[in-house]
Structures are given as structure tokens and as C-alpha cells.
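Asks: Requesting a structural model of the entry that follows:
(one chain, ligands or ions: 1)
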Amino acid sequence: MEKMNENEINTALGELQGWSYKNGSITKSFKFKDFKEAFSAMTRIAFECEAQNHHPDWENVYNTLNISLNTHDAGGVTQKDIVLAKSIENIVG
Ligand SMILES: C[C@H](O)[C@H](O)[C@H]1CNC2=NC(N)=NC(=O)C2=N1
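Replies: From the prediction side, this is the model:
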């Protein structure tokens, strides 16, 4: 899949609240009520990642979840990352 340029990425991010482009990835930090809520969201996201065969770089510390998306095979951001970010927004609601 084609790597997107910075202009294309920023246009796509116009539809993704709270996501930003940093160091070759799109990224967002989520905060939940507690660890159980954060891990529950991660589990639901994980099933969607498997369905899309596209996987996040993420870090969970208690109730926070930091997600970075890029396409390793392409060495940058592609439409796959934009699609997954939209799915994550729908899951987390
Ligand atoms: C073999 C497998 O299809 C690939 O390794 C997939 C799996 N998930 C992936 N996830 C991400 N974020 N980037 C990839 O390039 C990627 N490639």
C-alpha cells in the first residue's frame, strides 16, 4: 500500500478527532475510568486489528492507552492506518 504524504495525512486527520501526525505515525492518547476499562477497550480493538490484519504500536499505563499507527511494510502512514483509526474511534465511542 502507498505511503501517504504529509498533506494527505493532515487532510485525512480532519475527520479524526484528537489524532495527530508525529514521527511517521498517527497517534492519539486515550484515558479511561480505570485499568479494566482500558484493557477491555484494548481487547475489543485487538479483534478488529486481527480482522483488518493491521496492528497498532500501543502502550497501556493503568487507565491510559497511547496508540500509534503506521504501516511497517510501507515505512509510513497509509490508508490502512486511517481505516484502523476510524474503527478504533467507533469501538471506543
Ligand atoms: C504478515 C502480515 O500480514 C504483516 O506483517 C502485517 C501485519 N500487521 C501489520 N501491521 C502494521 N501496523 N503494519 C504492517 O506492515 C503490518 N503487516
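
Asks: Please enumerate the helices of the protein.
Replies: Using DSSP state H, the helices of the chain run over residues 6-13, 35-52, 79-92.

Asks: tell me the most buried of those?
Replies: With neighbours defined as mean count of other CB atoms under 10 Å, the helices of the chain peak in mean count at helix 79-92, which reaches a mean of 17. Every C-beta, even on glycine, is put in place using the N, C-alpha and C of the backbone.

Asks: Give me the angle between that one and helix 35-52.
Replies: Angle of helix 79-92 versus helix 35-52, following axes from the mean of the first three to the mean of the last three CA atoms, to 10 degrees, is 140 degrees.

Asks: So which residues make contact with helix 79-92?
Replies: Under the criterion CB atoms under 8 Å, 6 or more residues apart in numbering, residues 1-2, 4, 12, 15-17, 19, 25-26, 28, 30, 41, 44-45, 48-49, 52, 54, 56, 67, 69-71 lie in contact with helix 79-92.

Asks: Could you rerun that using 6 Å?
Replies: Identification of contacts with helix 79-92 by CB atoms under 6 Å, 6 or more residues apart in numbering yields 1, 12, 16, 19, 26, 41, 44-45, 48, 52, 54, 69, 71.

Asks: Find the pair from these with maximum spatial separation.
Replies: M1 and A41 (25.9 Å; CB to CB).

Asks: Distance of N53 relative to the ligand?
Replies: 5 Å (CB to the nearest ligand atom, to the nearest Å).

Asks: for the ligand, what are the nearby residues on this protein?
Replies: Applying CB under 6 Å from any ligand atom, one finds that the chain approaches the ligand through N53, H54, H55, T71, H72, D73.

Asks: Keep only those of those that are in strands.
Replies: With strands taken from DSSP state E, there is no overlap with these.

Asks: Touching, T71 and H55? I think so.
Replies: No - between T71 and H55 there is no contact under CB atoms under 6 Å: 10.1 Å.

Asks: neighbour-wise, which of these two wins?
Replies: More crowded of T71 and H55, by other CB atoms under 10 Å: T71, with 20 against 13.
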